[in-house]
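>>> Using only what follows, build the 3D model:
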Amino acid sequence: MPGEKPVIGLTWEPKLPSFSNSRNPSSSSSDKIDGIGALINPTVELVDGLYVPPNDPRKLNKLLRKQVKDTAGKSWFDMPAPVITPELRNDLKLLKLRNVIDPKRHYVKGDSKSKQLPKYFQVGTVVESSLEFFSGRLSKKERKATIADELLADVKLDEYRKRKVREIEEHNRPGGNEKWKIKGKHTLKRRKQQRHF
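Purely as a prediction, here's the structure:
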């Protein structure tokens, strides 16, 4: 005991695998690290809480491919694929249905029938010039966070939508006088009342 030093505090040394170029499976499975007896399992990525990259170049290339950012390519200036939030999803759906929103505007027929949303896109803000201060500018009250909010707040579009719904309902309404058709839960009561008079 007099020859041993007292241990003060904690010490930690990482157990790193020994990398060898030999492809002998029997020797690699029997390697022991630092004489402690821990075997390296090639399927486990962590050794003592540290990440050890795989020795196999195929697995390493696959791992590197996963880490590359998802972009549209060099011809699109490496435009990244954005995270699609519910607000963005609603805005993209509205853009696909844009030819229904305004009756006086006609757009080039695009991919409005496909249900897939675009993978690569960017959302920007329109900055008006100072010349259009009174004519083409939205006031602060009219500006909203999303396209859906702007369309819901638009009075002209609301009137147009209500008029169209009314026209469709009139077209689909069955013929005949509605007063003569007794429908609903109280039909027996109405019949009894008609008999008594």
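>>> With adjacent residues omitted, what lies nearest to V123?
Excluding the flanking residues, the one nearest V123 by C-beta to C-beta, 6 or more residues apart in numbering is L88, at 7.1 Å. Quick note: C-beta positions are derived from backbone N, CA and C, even for glycine.
>>> Could you check how many residues crowd around that neighbour?
16 (other C-beta atoms under 10 Å).
>>> where does it land in three-state SS?
helix (DSSP: H, G, I helix; E, B strand; the rest coil).
>>> Just to check, it is in contact with L94?
No. L88 is not in contact with L94 according to C-beta atoms under 8 Å; the separation is 10.7 Å.
>>> Only the buried residues of stretch 133-150, if you could.
Under the neighbour-count criterion of 16 or more other C-beta atoms under 10 Å, stretch 133-150 has T146, I147, E150 buried.
>>> residues contacting the nearest residue to the first one once chain neighbours are set aside?
Excluding its sequence neighbours, the residue lying closest to T146 (C-beta to C-beta, 6+ apart) is E87, at 5.0 Å. Residues counted as contacts of E87 (C-beta atoms under 8 Å, 6 or more residues apart in numbering) are A145, T146, A148.
>>> Give the closest residue to R98 in space, chain neighbours not counted.
Per C-beta to C-beta, 6+ apart, closest to R98 is Y107, 6.0 Å.
>>> ok, how many other residues are close to the one you found?
Using other C-beta under 10 Å: Y107 sits among 11 other residues.
>>> all numbers from here: first residue = 19
Happy to do that; since the first residue is 19 now, the last one works out to Y125.
>>> Point me to the helix or strand that includes it.
Under DSSP states H and E, no helix or strand contains Y125.
>>> circling back: format the buried residues of stretch 151-168 as JSON lines; extra columns: pLDDT.
Output for the buried residues of stretch 151-168, formatted as JSON lines (pLDDT from 0 to 100):
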{"residue": "T164", "pLDDT": "88"}
{"residue": "I165", "pLDDT": "88"}
{"residue": "E168", "pLDDT": "89"}
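>>> If we only consider those, which is nearest to F152?
E168 (19.5 Å; C-beta to C-beta).
>>> about what we covered before: as TSV, the contacts of E105 with distance to G142 would be great.
Shown next, in TSV, are these (distance: C-beta to C-beta, whole Å):
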residue	distance to G142
A163	14
T164	13
A166	17
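>>> hey, where'd the helices end up in the protein?
43-47, 75-85, 104-114, 116-119, 165-171, 173-190, 205-214 (DSSP state H).
>>> Now render those as CSV, adding distance to L135.
Shown next, in CSV, are the helices of the chain (distance: least, C-beta to C-beta, whole Å):
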stretch, distance to L135
helix 43-47, 48
helix 75-85, 23
helix 104-114, 5
helix 116-119, 14
helix 165-171, 14
helix 173-190, 23
helix 205-214, 48
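>>> Which one of the ones you listed lies nearest to D96?
helix 75-85 (15.1 Å).
>>> just the CA coordinates of the closest one, formatted as PDB?
Taking Å, rounded to 0.1, in the frame of the first residue of the first chain, the C-alpha atoms of helix 75-85 are listed here in PDB:
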ATOM      1  CA  PRO A  75     -15.600   2.100 -48.100                       C
ATOM      2  CA  ARG A  76     -19.100   1.300 -49.400                       C
ATOM      3  CA  LYS A  77     -20.700   2.000 -46.100                       C
ATOM      4  CA  LEU A  78     -18.600   5.100 -45.700                       C
ATOM      5  CA  ASN A  79     -19.700   6.400 -49.100                       C
ATOM      6  CA  LYS A  80     -23.300   5.600 -48.300                       C
ATOM      7  CA  LEU A  81     -22.900   7.600 -45.100                       C
ATOM      8  CA  LEU A  82     -21.400  10.500 -46.900                       C
ATOM      9  CA  ARG A  83     -24.200  10.500 -49.400                       C
ATOM     10  CA  LYS A  84     -26.700  10.800 -46.600                       C
ATOM     11  CA  GLN A  85     -25.000  13.800 -45.200                       C
END
